[in-house]
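following is a predicted model, sequence given first.
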Protein chains: 2
Amino acid sequence: MTAKGKPVAATPLAPPLDQRKAFILATIVYEYVATAEPVGSQTLTQKYNLGVSSATIRNEMAELEAGGYLVQPHTSAGRIPSDAGYRTYVDRLMQPESLSSEEAKRIRDEYRAASRELDGVIEQTTRLVGELAHNVAFMIAPSRETQTFRHIQLIWLAERTGLAVLVTSLGVALQTHFEHSESVTADDLTRLSNRLNASFGGRTMRELGDVEVIAVVRAAGFGDDLARAVESAFRSAARSPEPIVASSGTQHLLDQPEFQDLRKLRSILRIIEEQKTLYDLVADSINDAGPTVRIGHELGSDEITECSVVTVPYRFSDQTVGVLAIMGPRRMPYARLMALAGGTAQSLNKLFDESERR
Amino acid sequence: MTAKGKPVAATPLAPPLDQRKAFILATIVYEYVATAEPVGSQTLTQKYNLGVSSATIRNEMAELEAGGYLVQPHTSAGRIPSDAGYRTYVDRLMQPESLSSEEAKRIRDEYRAASRELDGVIEQTTRLVGELAHNVAFMIAPSRETQTFRHIQLIWLAERTGLAVLVTSLGVALQTHFEHSESVTADDLTRLSNRLNASFGGRTMRELGDVEVIAVVRAAGFGDDLARAVESAFRSAARSPEPIVASSGTQHLLDQPEFQDLRKLRSILRIIEEQKTLYDLVADSINDAGPTVRIGHELGSDEITECSVVTVPYRFSDQTVGVLAIMGPRRMPYARLMALAGGTAQSLNKLFDESERR
DNA sequence: TTTAGCAGTCATGAGTCAGGAGTGCCAAGT
DNA sequence: ACTTGGCACTCCTGACTCATGACTGCTAAA
């Protein structure tokens, strides 16, 4: 078992790939991604003109297998890429793609009509990406900690209950009900809100946990009970809940030949529904620079060695706040999905930047 | 194809069931639900002491089949219940169950720690029910129309943008951003909020669509542009979005022998992910009095004739606002799931009632 | 009306077999 | 030193057969 997240080296003494081997490996990956069938030497010579005979290919393939780049499901079958084979392909061999103009347009259009509620954007994005990727898409939503405090408004609901609405830099409104034993008016709460805003405006949500709310409430002339209630409302809004993960596109898994086996399918579906594992899987990726791929065992989880995940962090105001991920079988069109993930993340960044300027 | 939602009559001239036939039918349903295997005459005489020989059972079973209550997958197999067989079982034969005290406790405990956010409650409920039912659970969330307006607060965010937070009787806060060209202060917005609250307090959300917001804003001394912005914020908060449907427990489907077939599984998963069909499926049930069952073809959709759905409406303040549903194969423990649905709905009702009193 | 017995049906799983795709290796060719 | 044609070998796949067993319907006797 390799260390979590470490790309798998082909083998301890992996021979460097000469140009022909590299081309053969790349072609095998390409063909296998397209057909889902182990690739044989004849197929290769027939469909791609390599200029050499199938026997030569066979020799090369045997060496690639010895080097750890290919595996053979059984003796009389063709070869399929190993994790290391895919890794080499992704890192050094594949032609990076960019989004087709139709797809780029589709994404732009989608965000043009986007709701301005963060939850809506998250859900819309996973749906869109799941559909375009024909795979499972999921996202880690911005944790509250990364957002900054913009505004709080205490709303008078009844004699002894109120609602605290806290607006963050991403335009998210967090709501917390609170109860207290003091009798206050709506005006009191407004006055108090103004005080809190003046005191804490611009802080990050993280800092908000350490802030002396009680003192401010008291200074505004209110009693301890209300102070405690408001403080706890503050804290519970500032506290990061379990990171929200939306997912979409599970039905595409059923189309993949590798998941015709119900046992495999079940374990994947369970992981998706549980969310926790999903989160752990991609949480690291939040510090990546752009689209990144984790292949099979690199995911560090024995349950989903059949899968690969493309992740891309998305930013808001120069700070990375979340991750968009596409999960599918290892046999996935890496270049395309990386382009899709990258493009979507960019659109998302732009959307957030615009929403900040407002 | 029968009319949507109409229980299927056994056959045009369904013979009435004498006591023995009724018992045999009930036993077959019971056995089939437990084993998922077609039930033969010998199994019946061996496992349940019917006091007659298997030959007699065979005769009775042949008559039950002629009456439309049973079907035979193939000539040399046992019998399984037809939709009509299940229907008769549910309506007249089965012993109603009630929740085991552990389960009742489990549900109560779950809600004791329930968050007060509506979304959280919905999600928590589907998760709980999906798990206890070992089937798919989903819910139609309260449509906004059924809630009443309790409070609005316009929050000043920047010179020309604001956030309208609208609190409903269920304690839900709906947020809408708005933009305008007038220069207003936070105080202005507070003043305006108070006006709006005074004017519209207590109205149902449905009525809010027809309300003369513009006039009120103008009467408060603000310009047309702000009036229009506030009105549109009002409307978009009041407008029912697509009803939110949370679902949970899809992985249980994989355990059911009837969904080992990938084609069937795919179509079910698609329906669950689409949500729209799911909504149509149970929307009618909002007017039911208690737990209700739809069996196979009764669902009115050709795609899920393999499924049954147990639904129960849940109330808030004497008005039915949503539906809780459990979906699974027709071969489901109806009595148990109806008890589970009913019990959960009751706890939910109580939770809402309490939240109103606060 | 019930029951025992019996012939008939049919899904299921094991076993067999031919076909074919693909390999590895060797020896000859360039 | 590569490359290539050829050939023997492996092993998956799908079709086919066949015995087994679960179950039925029917008949005739109780």
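Sure thing, it's come through.

okay, CA-based contacts and neighbour counts for the rest of this
Will do.

what's the span of stretch A:41-56 from first residue to last?
Start-to-end span of stretch A:41-56 (CA to CA, to the nearest Å) is 9 Å.

the helix or strand encompassing residue A:323 packs against which elements?
Element membership of residue A:323 [criterion: DSSP states H and E] is strand A:319-329. Counting contacts by 3 or more CA pairs under 8 Å, 6 or more residues apart in numbering or on different chains; DSSP states H and E, strand A:319-329 is packed against helix A:118-133, strand A:136-140, helix A:276-283, strand A:307-316, helix A:334-357.

redo that, cut-off 10 Å
When contacts are defined as 3 or more CA pairs under 10 Å, 6 or more residues apart in numbering or on different chains; DSSP states H and E, strand A:319-329 packs onto helix A:118-133, strand A:136-140, strand A:245-248, helix A:250-253, helix A:276-283, strand A:292-295, strand A:307-316, helix A:334-357.

ok, which of those comes nearest residue B:20?
Residue B:20 lies closest, by CA to CA, to one member of the helices and strands packed on strand A:319-329: helix A:250-253, at 45.5 Å.

could I get the buried residue list for the closest one?
A:250, A:251, A:252, A:253 (16 or more other CA atoms under 10 Å in any protein chain shown).

could you do stretch A:99-110 as well?
Here stretch A:99-110 shows A:99, A:104, A:107, A:108, A:110 as buried, counting by 16+ other CA under 10 Å.

please apply the same query to stretch A:268-286.
For stretch A:268-286, using 16+ other CA under 10 Å, the buried residues are A:268, A:269, A:271, A:272, A:273, A:275, A:278, A:279, A:281, A:282, A:285, A:286.

now do the contacts for the last one.
This means residue A:286. Counting by CA atoms under 10 Å, 6 or more residues apart in numbering or on different chains, residue A:286 touches A:140, A:311, A:312, A:313, A:314, A:315, A:320, A:321, A:322, A:323, A:324.

please see if the strand or helix carrying residue A:233 touches chain B.
For residue A:233, the host element (DSSP H and E) is helix A:224-238. No. Contact of helix A:224-238 with chain B (CA under 10 Å from any CA of the partner chain) is absent, the minimum separation being 11.3 Å.

so what secondary structure elements neighbour that helix?
Against helix A:224-238 (3+ CA pairs under 10 Å, 6+ apart) you get strand A:149-158, strand A:161-168, strand A:173-179, helix A:205-208, helix A:213-219.

still on that earlier bit, reformat the helices and strands packed on strand A:319-329 as a markdown table; add mean pLDDT and distance to chain B.
Below are the helices and strands packed on strand A:319-329 laid out as a markdown table (pLDDT from 0 to 100; distance: least, CA to the nearest CA, whole Å):
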| stretch | mean pLDDT | distance to chain B |
| --- | --- | --- |
| helix A:118-133 | 90 | 10 |
| strand A:136-140 | 95 | 12 |
| strand A:245-248 | 83 | 8 |
| helix A:250-253 | 92 | 6 |
| helix A:276-283 | 90 | 14 |
| strand A:292-295 | 97 | 24 |
| strand A:307-316 | 94 | 18 |
| helix A:334-357 | 90 | 10 |
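
between the ones you listed, which gets nearest to residue B:200?
helix A:118-133 (27.8 Å).

what about residue A:111, neighbour count?
For residue A:111, the count of nearby residues is 19 (other CA atoms under 10 Å in any protein chain shown).

list the contacts of it.
A:105, A:121, A:124, A:125, A:344, A:347, A:348, A:350, A:351.

tell me the one of those nearest residue A:263?
For those, the nearest to residue A:263 is residue A:125 (29.3 Å; CA to CA).

is it true that the closest one touches residue A:133?
No. Using CA atoms under 10 Å, residue A:125 makes no contact with residue A:133, being 11.7 Å away.

more neighbours: the two, which one.
In this view residue A:125 and residue A:133 are compared by other CA under 10 Å, and residue A:125 has more residues nearby, 26 against 22.

list the contacts of the more buried one.
A:107, A:110-111, A:114, A:119, A:131, A:137-139, A:246-248, A:324, A:344-345, A:348.

among the residues you listed, name the buried ones.
Of the contacts of residue A:125, these count as buried by 16+ other CA under 10 Å: A:107, A:110-111, A:131, A:137-139, A:246-248, A:324, A:344-345, A:348.

quick one on the thing from earlier: tilt between the helix holding residue A:233 and strand A:149-158?
130 degrees (axes from the mean of the first three to the mean of the last three CA atoms, to 10 degrees).

now helix A:224-238 and strand A:173-179, what's the angle there?
150 degrees.

need the buried residues of stretch A:99-110 in TSV with distance to DNA strand C, pLDDT and secondary structure, can you?
Shown next, in TSV, are the buried residues of stretch A:99-110 (distance: CA to the nearest atom of the strand, whole Å; pLDDT from 0 to 100; DSSP: H, G, I helix; E, B strand; the rest coil):
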residue	distance to DNA strand C	pLDDT	secondary structure
A:99	32	95	coil
A:104	36	95	helix
A:107	38	95	helix
A:108	42	92	helix
A:110	42	91	helix
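
which among these gets closest to residue A:233?
residue A:110 (35.3 Å).

pLDDT below threshold where in chain A?
Counting by pLDDT under 70, chain A has low-confidence residues at A:1-15, A:114-116, A:239-242, A:244, A:355-358.

show me what contacts residue A:72?
A:38, A:39, A:62, A:65, A:78, A:79, A:80, A:81, A:82.

actually residue A:138, not the one I typed
With contact taken as CA under 10 Å, 6+ apart, residue A:138 is in contact with A:122-123, A:125-127, A:129-130, A:244-249, A:272, A:275, A:278-279, A:282, A:311, A:323-327.

same thing but at 8 Å, please
A:126, A:130, A:245, A:246, A:247, A:248, A:324, A:325, A:326, A:327 (CA atoms under 8 Å, 6 or more residues apart in numbering or on different chains).

coming back round to it: how distant is the helix holding residue A:233 from the center of its chain?
Distance, stretch centre to chain centre, for helix A:224-238: 33 Å (CA atoms, centre = their mean, to the nearest Å).

which other residues reach it?
So helix A:224-238 is contacted by A:144-145, A:164, A:166, A:174-182, A:205-206, A:208-209, A:213-215, A:217-218 (CA under 8 Å, 6+ apart).

re the thing from before, nearest to residue B:21 among the contacts of residue A:138?
For these, the nearest to residue B:21 is residue A:248 (47.7 Å; CA to CA).

what's the neighbour count on the closest residue to residue A:329 other than its chain neighbours?
Distance criterion CA to CA, 6 or more residues apart in numbering or on different chains; nearest residue to residue A:329, sequence neighbours excluded, is residue A:307 at 4.3 Å. Using other CA under 10 Å, residue A:307 has 21 other residues around it.

rewinding a little: and the buried residues of stretch A:99-110 as JSON lines, adding distance to residue B:331?
Converted to JSON lines, these look like this (distance: CA to CA, whole Å):
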{"residue": "A:99", "distance to residue B:331": "47"}
{"residue": "A:104", "distance to residue B:331": "46"}
{"residue": "A:107", "distance to residue B:331": "43"}
{"residue": "A:108", "distance to residue B:331": "46"}
{"residue": "A:110", "distance to residue B:331": "42"}
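
not counting its neighbours along the chain, what's nearest residue A:213?
Per CA to CA, 6+ apart, closest to residue A:213 is residue A:231, 5.5 Å.

show me what from the stretch 51-200 of chain A comes close to DNA strand C.
Residues of the stretch 51-200 of chain A lying close to DNA strand C (CA under 7 Å from any atom of the strand) are A:55, A:58, A:59, A:61, A:62, A:75, A:76, A:77, A:78, A:79.
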